[in-house]
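# Provided below are the primary sequence and the corresponding predicted coordinates.
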2 protein chains.
Amino acid sequence: MASRKKRSNPHQRTRNDHATETAEDYVEAVSDIIDEKGTCRVVDLAGHFGVSHVTVSRIVGRLKNEGLLLTEPYRPITLTASGKRMARASRKRHEIVYEFLLSLGIDEQTAAVDSEGIEHHVSEATLKAMKRHLESTGAHR
Amino acid sequence: MASRKKRSNPHQRTRNDHATETAEDYVEAVSDIIDEKGTCRVVDLAGHFGVSHVTVSRIVGRLKNEGLLLTEPYRPITLTASGKRMARASRKRHEIVYEFLLSLGIDEQTAAVDSEGIEHHVSEATLKAMKRHLESTGAHR
DNA sequence: GCAAAAGTGTAGCAATGGCTACAGTTCTGT
DNA sequence: ACAGAACTGTAGCCATTGCTACACTTTTGC
């Protein structure tokens, strides 16, 4: 997870960070959609993210080049082993943040929105602290 | 704060969100740098964010157009009333998130890095919950 | 089986934020 | 005062992620 490495300048967030966030969001969505409805199509992702199918199509192409997912023209999208690994890690992080926000007394709707924004900016140390908090308050599922 | 409005699709984060995050980061930095050393120059911001002066120059131009800051060619950068307001709000949010992370037992270095990433993705409701937590644990300064 | 609907791809545009290279301005020190 | 250092601006490149418009493929329904 290159984007979560320590930085000499903590403010330094490059284009690559955004690209990695996008990748994580997409593989996680692909995984979720496949779990829900069997297959994942471009149109499903477009609906999920609220963007046009064109944007999805281009990003899917990039992630395919990066070896995270597989697809052929006009065909459904599946994850590679690497993509599945990333999706699992991303989903886990997402869940911890979400549960943590709930444990603070935040409503589900808000927790869902905020956890999506936050999950990409949480270090391993902070994630561990959240887990600790969940266990200590017995609020984890 | 347009970017923190409710969204019909919670996944929907547009280019504007990123632009707003940049604006918040910049006005906050300008404010901090002026407090620290009296004036804020392009080169200060470039150092602060670890990017080239060219990138800073372009973004400063945009923020000037948006009425957040003032500057003339080869001159220092100051904040407008609107920019000061945004800087104050942003700094306050930043501080709450930072203190909250510390209260979870996270080290200062990590809290500094993570709070910068997280602050833009925290809703008012979550911010209130963090404040509540700080007060209940007596961990606020 | 074939027309319409749904889905996907491509072309081409915009805004943002990275960069290097080079040119111009301001400040500094002697 | 003036040369060199420091700072700033501009030109022009790239990648990412938005979009509309249009073309093409696949699926659906009769």
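Sure thing, it's come through.
# So the nearest residue to A:Arg41 once chain neighbours are set aside versus A:Val51, what's the distance?
Nearest in space to A:Arg41, with sequence neighbours left out and distances taken as CB to CB, 6 or more residues apart in numbering or on different chains, is A:Pro76 at 5.6 Å. The C-beta positions use only the backbone N, C-alpha and C, and glycine is treated the same way. Taking CB to CB, to the nearest Å as the measure, A:Pro76 and A:Val51 are separated by 19 Å.
# In contact with A:Asp107, which residues?
By CB atoms under 8 Å, 6 or more residues apart in numbering or on different chains, the contact set of A:Asp107 is B:Ala125.
# so what's A:Phe100 closest to, chain neighbours aside?
Closest residue to A:Phe100 in three dimensions, ignoring its sequence neighbours and counting by CB to CB, 6+ apart: A:Met130, at 4.2 Å.
# Okay, buried residues for the strand or helix carrying that neighbour please.
Secondary structure here is read from DSSP states H and E; on that basis A:Met130 sits in helix A:124-137. Neighbour counts using 16 or more other CB atoms under 10 Å in any protein chain shown place A:Ala125, A:Thr126, A:Leu127, A:Ala129, A:Met130, A:His133, A:Leu134 of helix A:124-137 among the buried residues.
# My read is that the third one contacts A:His94, right?
If I follow you right, that is A:Leu127. No: using CB atoms under 8 Å as the test, A:Leu127 is too far from A:His94 to be in contact (10.7 Å).
# what about the helices in chain A?
A:15-37, A:42-49, A:53-65, A:81-103, A:108-118, A:124-137 (DSSP state H).
# about what we covered before: which residues are in contact with the residue nearest to A:Phe100?
Contacts of A:Met130 by CB under 8 Å, 6+ apart are A:Ile96, A:Val97, A:Phe100, A:Val122, B:Leu104.
# low pLDDT regions in chain A?
A:1-15, A:138-141 (pLDDT under 70).
# what residues does it put near DNA strand C?
Taking CB under 7 Å from any atom of the strand as the contact definition, chain A meets DNA strand C at A:13-15, A:41-44, A:53-54, A:57-58, A:60-61, A:71, A:73-74, A:76.
# repeat that for 10 Å
Proximity of chain A to DNA strand C, by CB under 10 Å from any atom of the strand, involves residues A:11-18, A:39-47, A:52-58, A:60-61, A:64, A:71-77.
# In ChimeraX, how would I select the buried members of the residues you listed?
Here is the ChimeraX command that picks out the buried ones among the residues of chain A next to DNA strand C, judged by 16+ other CB under 10 Å:
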select /A:11,13,17,40,41,42,44,45,46,56,60,64,71,76,77
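# near DNA strand D too, which of the residues of chain A next to DNA strand C?
Counting by CB under 10 Å from any atom of the strand, the members of those that reach DNA strand D are A:14-18, A:41, A:45-46, A:52-58, A:61, A:72-76.
# Flag every buried residue along stretch A:90-104.
Using 16+ other CB under 10 Å as the test for burial, stretch A:90-104 gives A:90-91, A:93-94, A:96-104.
# Nearest to DNA strand D among the residues you listed?
In terms of CB to the nearest atom of the strand, no member of these lies closer to DNA strand D than A:Ser90, at 14.4 Å.
# The closest one is in contact with A:Glu28, isn't it?
Yes: the pair A:Ser90 / A:Glu28 is scored as a contact, 4.5 Å apart, by CB under 8 Å.
# returning to what we had before: what would the contacts of A:Met130 look like in CSV with distance to B:Ser115?
Conversion of these to CSV gives the following (distance: CB to CB, whole Å):
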residue, distance to B:Ser115
A:Ile96, 18
A:Val97, 14
A:Phe100, 15
A:Val122, 11
B:Leu104, 11
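# Out of those residues, which comes closest to B:Glu116?
Sorting the contacts of A:Met130 by how near they are to B:Glu116, with CB to CB, puts A:Val122 at the top with 11.9 Å.
# From the structure, what's the count of residues near the closest one?
Here the count is done by other CB atoms under 10 Å in any protein chain shown, and A:Val122 has 24 residues near it.
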